[in-house]
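Visitor: Pasting the sequence and the predicted model now:
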Amino acid sequence: MRGSMVTPTIHNQPIGPAIYLETFGCQMNELDSELVTGHLQALGYQFVDQPGTADVVLFNTCSVREQAENKVFSRVGRLRQEKDKGREVVVGLLGCLAEREGSGLLQRRPEIDLLCGPGELDHLPMLLDNILKGQAVEAADRVALQGSNSRRSAALSAAEDSLEVLDLSRAFDPDGGAIGGRAAYVRITRGCNKFCTYCVVPNTRGAEVHRPPDAIVQECRALADQGVIEITLLGQTVNHYVYVHGAAVSSCGDELPQVGPGLSAFRNGTAGGPGSRKTSFADLLARIHDEVPEIKRLRFVTSYPRDFGDDILQVMQQCPRICRYLHVPAQSGSDRILSRMNRGYSVSQYREFIDRVCSAMPDVSIAGDIIVGFPTETDEDFDQTCDLIRSVPFKNNFVFKYSPRPGTAAINRFEDDVPEAVKRSRLNTLLAIQSEVSRTVHEREIGHLHEVFVEKLGTGGAQQAPAGRVELGWETPVGPQAQLSGRTPGDLITVFDVPPTQSAESLIGEIVPVRVHSAAPRLLRGSLEGALNPV
Ligand code: SAH
Ligand code: SF4
Ligand code: F3S
């Protein structure tokens, strides 16, 4: 069937097969999609904006909640109908759902031709090539690559981690990427060792692996050379980053990715053993800040509320280009629920951490995540979560209804006993409380001058909620003038009018001074201040 596929041409020149790639889930997936796109483009594949014109449709999937998976399955179902009517298209699932489901999915869903887990994305070109070479599409030819039984088993050999090559060889497209190629993600840690009882990520992304600091700095430097001015460092528990030098070195002397030291190392300060030379997260931040000064904004997500040392806060205080912004999910305000979630901290420890952060940086901006309706959550537990949200100056919280996930400890240990209607009502209650807190946090900014990184025209979608996230909406202002929206260093969405004399589009990707004159729960409004030259 594939052999009959028509080779597309531009000006009579043959071009590679056309791929449509849609991404679900978190920033890790967005980065993976960018890397995979660069890799495939370098091999001659073309990327198209519409699934209808593609030879290959790929979904980079998320498994964190059932709703995220359902979205993908409904897309796949539509393609199945088209295939039944005779459309020739290769359908592939990449990412966490592919990893979680494994090859059994190919049996259940014959319309899927390819599965590739997040730990195997470096093999994707080979998989695609095999399929496109025109083999008959028998079940045996459909391919699945997962990592959990091979690369990321207990015998994981970080030295063989060719994913590192994918990160390092990123083919940066100056017109692509976020905000016209001015913002980029850089992974510092893969995987997660935390095993929160509700969460699939340790299963889908595998054990924590830390990248060598030189490779990270080199990637930041390369991005800055291409015009990137904002870098967001990525890790599931980003503050757990630590690299022990001399422990994993290639035969040519290059440092290699390294399996994380485990949480106890943070408790006892023993990562790598006494006397070993380490690069901590604070060291890494300081290195990137000092060695790549062209990066005007250095951010990082997601922080874990434990093991966030004062050394990190000091670096944040001392380095002006590190954004004073933390995404540090609490998940619940009840100690009983936190313990069932295996989060490893109490509410008072979370509060102490926030107090420490706020006294070190009174202008810090804090965001979080909350799960409502975790098994056995009572009204009393939920009230405690409401109290936490009321008393911490969160700029926003992503609120999720608990979704039991196959393969997690929670689904085996606890019945999903909070009725859907109760989950929904708790979610709405929390959003209403958060709305008031957000309003107060945003109103504090009235009169202040902020450097705004301009992202797009208008307000729509200035902050898109990832799959399944429910956020507070914000009003879309109307008016004749062109409007731009962007973010402050603290990640507050800011909308401002552009004078008719100024080309609005020329400001996208720039950092400009904006004086805030009003605030809504999810939005600041202001005016361009002073010279219109970007900061
Ligand atoms: N590593 C990050 C979170 C990654 S997953 C951290 O620990 O903070 C993003 C968010 O999805 C989590 O913070 C949690 O709030 C939510 N989440 C994860 N699993 C979930 C589940 N089974 N049901 C509902 N929400 C979930
Ligand atoms: Fe999931 Fe917990 Fe790891 Fe975050 S820290 S990715 S919630 S297991
Ligand atoms: Fe991200 Fe979803 Fe996987 S949140 S790590 S894409 S399960």
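Guide: Good, I have the coordinates. Ligands and ions are numbered 1, 2, ... in the order given.
Visitor: Give me the most central residue, the protein.
Guide: Centroid check for the chain by CA atoms, centre = their mean gives Gln27 as the closest residue, at 1.8 Å.
Visitor: May I ask you to confirm that it is in contact with Phe300?
Guide: No - taking CB atoms under 8 Å as the definition, Gln27 is not a contact partner of Phe300, at 10.8 Å. (C-beta placed from N, C-alpha, C; glycine too.)
Visitor: what about whatever residue of the stretch 51-200 of the chain ends up closest to ligand 1, which helix or strand?
Guide: Using CB to the nearest ligand atom, Tyr198 is the residue of the stretch 51-200 of the chain that sits closest to ligand 1, at 4.0 Å. For Tyr198, there is no helix or strand it lies in under DSSP states H and E.
Visitor: picking that back up, which residues do Gln27 and Phe300 both contact?
Guide: Shared contacts of Gln27 and Phe300, defined by CB atoms under 8 Å, 6 or more residues apart in numbering, comprise Thr232, Leu234.
Visitor: Any residues of the stretch 251-400 of the chain in contact with ligand 1? List them.
Guide: Selection of the stretch 251-400 of the chain residues close to ligand 1 by CB under 6 Å from any ligand atom yields Thr302, Pro329, Gln331, Asp369, Ile371, Phe400.
Visitor: give me every residue that touches the closest residue to the second one other than its chain neighbours.
Guide: Of all residues not flanking Pro329 in the chain, Asp369 sits nearest, at 3.6 Å (CB to CB, 6 or more residues apart in numbering). By CB under 8 Å, 6+ apart, Asp369 lies in contact with His327, Pro329, Ala330, Gln331, Asn397, Phe398, Val399, Phe400.
Visitor: rerun that using 7 Å as the cut-off
Guide: Contacts for Asp369 were tallied using CB atoms under 7 Å, 6 or more residues apart in numbering; they are Pro329, Gln331, Asn397, Phe398, Phe400.
Visitor: That one belongs to a helix, doesn't it?
Guide: No - secondary structure of Asp369 (DSSP: H, G, I helix; E, B strand; the rest coil): strand, not part of a helix.
Visitor: hey, which helix is longest across this protein?
Guide: When the chain is parsed with DSSP state H, its longest helix is helix 420-443.
Visitor: Tell me which strands the following helix or strand past that one pairs with, and in which orientation.
Guide: The helix or strand immediately downstream of helix 420-443 is strand 449-457, counting by DSSP H and E. Strand 449-457 pairs in its sheet with strand 483-487 (antiparallel), strand 511-520 (antiparallel), by DSSP bridges.
Visitor: residues of the longest one that come out buried?
Guide: I take that to be strand 511-520. Neighbour-count burial for strand 511-520 flags Ile511, Val512, Pro513, Val514, Val516, Ala519, Ala520 (criterion: 16 or more other CB atoms under 10 Å).
Visitor: so the fourth one makes contact with Phe496?
Guide: Yes - when contacts are counted by CB atoms under 7 Å, Val514 is listed as touching Phe496 (5.0 Å).
Visitor: what is in contact with these two at once?
Guide: Gly526, Ser527, Leu528.
Visitor: Next one, pLDDT for the residue of the stretch 51-200 of the chain closest to ligand 1 please.
Guide: On pLDDT, Tyr198 comes in at 98.
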